[in-house]
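Chemist: A structural model of the following input is requested.
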Amino acid sequence: MTSPPAELAARLQTHGQEHALLGWDSLTSEARTTLVQQLEALDLAELATLRERANATEALPTQFEPVPITPATFTAEERARGAEALRRGEVAALLVAGGQGSRLGALQPKGMFPAGAISGAPLFQIHAEKVLATGRRYGHAVPLLIMTSPATDAPTRVFFAENNNFGLAPEQITFFQQGTMPAVCPRTGKLLFEAPGKLFLSPNGHGGTLTALADSGALRALVARGVKHVSYFQVDNPLVKVLDPGFIGRHIAANSEASSKVVGKTAPGEKVGVLVSANGRCSIIEYMLLPRPLAEEREPTGELRFRAGSPAIHLFSVAFLERVTRTAAGSLPYRAALKAVAHFDPQTGQSVPTPKEPNAVKFERFIFDALPHADRWLAVETLRAEEFAPIKNASGADSPETARAAQIALHTDWLRRAGIDTHGHAVEVSPLFALDAEQLAEKLRGSEPVKIVEPTVFK
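Modeler: Next comes the predicted model:
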């Protein structure tokens with residue numbers, strides 16, 4: 001390709017993006033082809049509109065109230081209903097794993113981060129073994145879908161292959177990539193570049209799961225397998241109950257299209273989105289948008305009135321996902337975030353180091369923006385100590401230290417309920433040994449007395 005396509009050059013000029021072809025003559029033929037493909041895939045008019053909206057204040061729903069919550073104390077009937085769905089192969093697990101562990105000091109897929117309290121098992125292993133153990137428990141292999149990003153796809157696939165898929169059969173696992181969006185200058189709207197001839201592209205957010213599921217054929221394959229429900233969770237939470245039979249059973253009994261677990265907020269300013277009911281629809285308001293008086297408002301019991309924090313644990317019906325990807329996914333809003341990034345300037349031919357002030361607008365879609373499209377929905381409160389200990393920061397809140405402490409506390413409680421004293425020693429229960437306190441007690445019942453005299457992993 002000796003010169004850029006005339007139609008593309010004209011379109012770039014129309015939208016003030018002609019700088020994208022600067023340096024064309026110095027690019028290799030392969031780089032030119034890649035650049036043309038990237039540019040032709042862009043909707044430049046939409047990009048301009050998104051950039052203009054980036055400076056606008058996001059509007060709250062005109063009317064909203066606290067979401068109705070049911071407790072995660074499931075009946076025997078609900079648990080049995082969920083277990084039967086698992087036995088029939090009607091449930092799949094969806095792991096969102098597009099992020100890198102940059103805040104944890106490692107530019108690799110976050111799922112490779114060692115998270116086991118004693119074993120140091122990586123997050124991918126913890127989640128995969130929960131899927132494997134669930135399949136063994138109910139006699140039917142559970143499909144595991146793993147959404148990656150361009151940055152994490154190849155290393156994630158290699159990591160699973162090197163570890164024999166953590167015991168899962170290759171046909172159980174489906175990898176698919178989320179899409180990307182270009183970053184632009186917040187002042188001029190001009191496209192940013194990562195390197196000569198290479199656009200600065202970022203993953204399009206966990207909301208990109210929806211279109212990626214459909215575009216990759218993964219959703220169609222689930223339908224062909226008879227899967228009716230998809231359990232959605234994020235890679236950074238080692239405590240998540242990946243395939244909770246009680247939650248599944250309640251979701252089915254209510255004929256819910258989208259069911260979400262919530263955790264009680266620990267403080268008005270905690271940085272988690274809040275589920276609300278807006279005009280009879282389930283919605284999430286991001287923590288920074290909830291007005292402070294409402295965030296601080298309390299019930300007579302002392303609980304926060306708007307306390308339904310989202311740990312990003314959802315259960316979707318496949319029929320709902322099919323409908324949303326046919327109609328609503330394309331209209332899920334892009335949300336803009338200002339970031340400071342290093343980039344390449346094609347006008348000067350120089351690399352620009354990361355500035356102190358934001359110099360880029362990134363665009364993402366969020367999975368919770370699909371929730372208002374559900375006609376029937378549930379919010380189920382789970383205990384933070386049992387199901388929410390995300391690893392997001394290198395230290396402090398939501399760090400490896402807090403996640404390790406939460407795992408040890410939970411598994412210590414499981415053993416206590418089974419009549420075993422840990423004598424203050426750290427313990428960890430592998431999902432392959434037990435998925436919950438009840439299964440742990442069954443495993444230990446009738447066995448030799450267990451005495452814990454050092455840090456112990458039950459596996």
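Chemist: residues contacting residue 70?
Modeler: 250, 378-381 (C-beta atoms under 8 Å, 6 or more residues apart in numbering). Using the backbone N, CA and C atoms, a C-beta is placed for each residue, glycine as well.
Chemist: With residue 95 instead?
Modeler: 111, 127, 144-147, 233-235.
Chemist: Restricted to strands, list these.
Modeler: In this view, the contacts of residue 95 that belong to strands under DSSP state E are 144-147, 233-234.
Chemist: From the contacts of residue 95, pick the one nearest residue 176.
Modeler: Nearest to residue 176 out of the contacts of residue 95 is residue 147 (C-beta to C-beta; 5.9 Å).
Chemist: From what I see, the closest one and residue 209 are in contact.
Modeler: Yes - counting by C-beta atoms under 8 Å, residue 209 is a contact partner of residue 147 at 5.4 Å.
Chemist: Please enumerate the helices of the stretch 51-200 of the chain.
Modeler: Ranges of helices within the stretch 51-200 of the chain are 76-87, 123-138, 153-162, based on DSSP state H, counting those that start in this stretch.
Chemist: Dump those to TSV, plus mean pLDDT and distance to residue 189.
Modeler: Output for those, formatted as TSV (pLDDT from 0 to 100; distance: least, C-beta to C-beta, whole Å):
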stretch	mean pLDDT	distance to residue 189
helix 76-87	98	48
helix 123-138	98	37
helix 153-162	97	29
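Chemist: With respect to residue 51, which of these lies nearest?
Modeler: helix 153-162 (27.6 Å).
Chemist: angle of the closest one against strand 144-148?
Modeler: 140 degrees (axes from the mean of the first three to the mean of the last three C-alpha atoms, to 10 degrees).
Chemist: to the chain's geometric centre, what's the distance from helix 153-162?
Modeler: 18 Å (C-alpha atoms, centre = their mean, to the nearest Å).
Chemist: elements contacting it?
Modeler: The contact analysis (3 or more C-beta pairs under 8 Å, 6 or more residues apart in numbering; DSSP states H and E) places helix 153-162 against helix 123-138, strand 144-148, strand 173-177.
Chemist: Give me the buried positions along it.
Modeler: Applying a neighbour-count criterion of 16 or more other C-beta atoms under 10 Å, the buried positions in helix 153-162 are 153, 155-156, 159-160.
Chemist: For residue 325, state which of the residues you listed is nearest.
Modeler: residue 153 (20.6 Å).
Chemist: With adjacent residues omitted, what lies nearest to the closest one?
Modeler: Leaving aside its sequence neighbours, residue 153 sits nearest to residue 177 (C-beta to C-beta, 6 or more residues apart in numbering; 5.3 Å).
Chemist: Could you chop this structure up by domain?
Modeler: Using automatic domain parsing, the domain parsing of the chain gives 6-54, 65-397, 399-459.
Chemist: Start and end of the second one, how far apart?
Modeler: Yep, that's domain 65-397 we're talking about. 29 Å (C-alpha to C-alpha, to the nearest Å).
Chemist: Tell me how far it lies from the chain's centre.
Modeler: 2 Å.
Chemist: now stretch 441-459
Modeler: On C-alpha atoms, centre = their mean, the centre of stretch 441-459 falls 34 Å from the chain's centre.
Chemist: Going by neighbour count, which residues in it are buried?
Modeler: Going through stretch 441-459 with 16+ other C-beta under 10 Å, the ones that come out buried are 441, 444, 452, 456-458.
Chemist: and if you look at stretch 126-136?
Modeler: Quick answer for stretch 126-136 (16+ other C-beta under 10 Å): 126-135.
Chemist: Output the helices and strands packed on helix 153-162 as a markdown table; include the columns distance to residue 99.
Modeler: Formatted as a markdown table, the helices and strands packed on helix 153-162 follow (distance: least, C-beta to C-beta, whole Å):
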| stretch | distance to residue 99 |
| --- | --- |
| helix 123-138 | 11 |
| strand 144-148 | 10 |
| strand 173-177 | 13 |
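Chemist: For residue 301, which of those is the nearest?
Modeler: When these are compared (using C-beta to C-beta), the closest one is helix 123-138, at 33.8 Å.
Chemist: so when I look at residue 210, I'm seeing a helix, right?
Modeler: Yes - the assignment for residue 210 is a helix, going by DSSP: H, G, I helix; E, B strand; the rest coil.
Chemist: how about the helices of the stretch 51-200 of the chain in CSV, adding distance to residue 426?
Modeler: Formatted as CSV, the helices of the stretch 51-200 of the chain follow (distance: least, C-beta to C-beta, whole Å):
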stretch, distance to residue 426
helix 76-87, 30
helix 123-138, 16
helix 153-162, 26
